[in-house]
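S.K.: Just to be clear, the model below is a prediction. Sequence and coordinates:
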Amino acid sequence: MIEALSAPVPAEAGSPRRQIAPERSRRRWAGLLVLLALVALTLLLSIAFGAKPLSPAQVWHGLWQPAGTEGDIIIRSLRVPRTALALVAGAALGVAGALMQGHTRNPIADPVLLGISAGAGMCVVGSVFLLGITSLYGYVWFGFAGALGASVLVFLVGTAARGGAAPVTLALAGAAAHALFTALTAGMVIFDRQALDTYRFWTVGSVSGRPLELTWQILPFIALGLALAAANAPGLNALSLGEDVARALGVRVGATRAVGMAAITLLTGTAVAACGPIGFVGLVATHVARYFTGPDYRWILVYAGLLGASLTTAADTLGRLVARPGELQVGIMLALIGAPVFIHLVRRRKPVRL
């Protein structure tokens, strides 16, 4: 019965409603092609530009004919790995942001709202404070476990509340979890200088210094999260009409929310664990996507993923250019870019009602 949500409303031939639907569909497909081209462009720019200038010939040589020169090492060991991670993490955060806003009915929902970033940060610090783990490969998986545990805890607390896992209860449970995890993290970093240094490096949000093997290792989790998000889109369309309407259409509200939370956990948990708490990606990408696609989450998720990938990659590239010979991390650049963009969206349009 979910298919009824996307079925066209009968209208007389030549009516405005009948003409608007094909026009909107064409705009959506045209926008999708533009976004794919934008992702490809940001990918090329990320590989071609950086703190050390390289000629197009050096870039081409490093990609296709590496011989161990300095340019080849920069391309294959530094720029390609961080570009791949920026694309994957950005897409994951964009889709997760759209899911969060849909399930919590909150237009400013992000990983902080549900306590996911705080849970990941607590476990990263805990792995250093309690186990003495200081390598990236060591604590990144503790960060993923912390994000997973925070999501499960928030969902269980929200489900146990009267009325089930409603948007308000999920947001309140997330706020409580965030406060708890942040307090525990602060307690550990006070007593351990090594934990403070590791947390300070992780919490700024960065895609640099991550080997390409790490991206390959997290890719299965991202792929599973994207598959769950795609399966969750029709049910999320029904929930956007209200839980009572969704139940009347035959949607299992509890199961739909569980699938959505699982997708959010995998996408956000993996990205946050690998890169740190990168902000504004899901927030800005979702609002821009909804502006062009309308309320259909089947399109919102696709647009938000592509926008998140291109936004994260472009911010990382820009951070390497504005502070030569050093660089500004992607988390800082996204805050500098995302805040004005989001303020502009708020000023030009009325707040989105979810």
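M.R.: Done, it's in.

S.K.: my guess is G269 meets I116, correct?
M.R.: Yes. With contact defined as C-beta atoms under 8 Å, G269 counts as touching I116 (6.3 Å). All C-beta atoms are positioned from the backbone trio N, CA, C, and that covers glycine.

S.K.: Identify the contacts common to those two.
M.R.: When C-beta atoms under 8 Å, 6 or more residues apart in numbering defines a contact, the residues bordering G269 and I116 alike are A147, S151.

S.K.: Which one of the two is surrounded by more residues?
M.R.: Comparing G269 with I116 by other C-beta atoms under 10 Å, the one with more neighbours is I116, at 33 against 29.

S.K.: which stretches of the stretch 251-354 of the chain form helices?
M.R.: Using DSSP state H, counting those that start in this stretch, the helices of the stretch 251-354 of the chain run over residues 253-275, 281-293, 297-322, 330-348.

S.K.: possible to save those helices as CSV with mean pLDDT and distance to A231?
M.R.: Written out in CSV, the entries for those read as follows (pLDDT from 0 to 100; distance: least, C-beta to C-beta, whole Å):
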stretch, mean pLDDT, distance to A231
helix 253-275, 89, 6
helix 281-293, 90, 19
helix 297-322, 94, 11
helix 330-348, 78, 29
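
S.K.: For these, give me a markdown table that also has distance to F155.
M.R.: Putting the helices of the stretch 251-354 of the chain into a markdown table (distance: least, C-beta to C-beta, whole Å) gives the following:
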| stretch | distance to F155 |
| --- | --- |
| helix 253-275 | 5 |
| helix 281-293 | 18 |
| helix 297-322 | 19 |
| helix 330-348 | 26 |
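
S.K.: right, and these - which one's nearest Q194?
M.R.: Shortest distance between Q194 and the helices of the stretch 251-354 of the chain, using C-beta to C-beta, is found for helix 253-275: 19.0 Å.

S.K.: list the contacts for V330?
M.R.: With contacts taken as C-beta under 8 Å, 6+ apart, V330 has the following neighbours: A86, G205, S206, V207, C275, I278, T312, A315, D316, G319.

S.K.: Over to T42?
M.R.: Residues touching T42, when contacts are defined by C-beta under 8 Å, 6+ apart, comprise A309, S310, T313, A314, T317.

S.K.: As a check, name the ranges of all helices in the chain.
M.R.: Counting by DSSP state H, one finds helices in the chain at the ranges 16-48, 56-64, 70-73, 80-104, 116-131, 136-160, 167-191, 193-203, 212-239, 243-248, 253-275, 281-293, 297-322, 330-348.

S.K.: Of all those helices, which one is nearest D110?
M.R.: Across the helices of the chain, the minimum distance to D110, taken as C-beta to C-beta, is reached by helix 281-293, at 5.3 Å.
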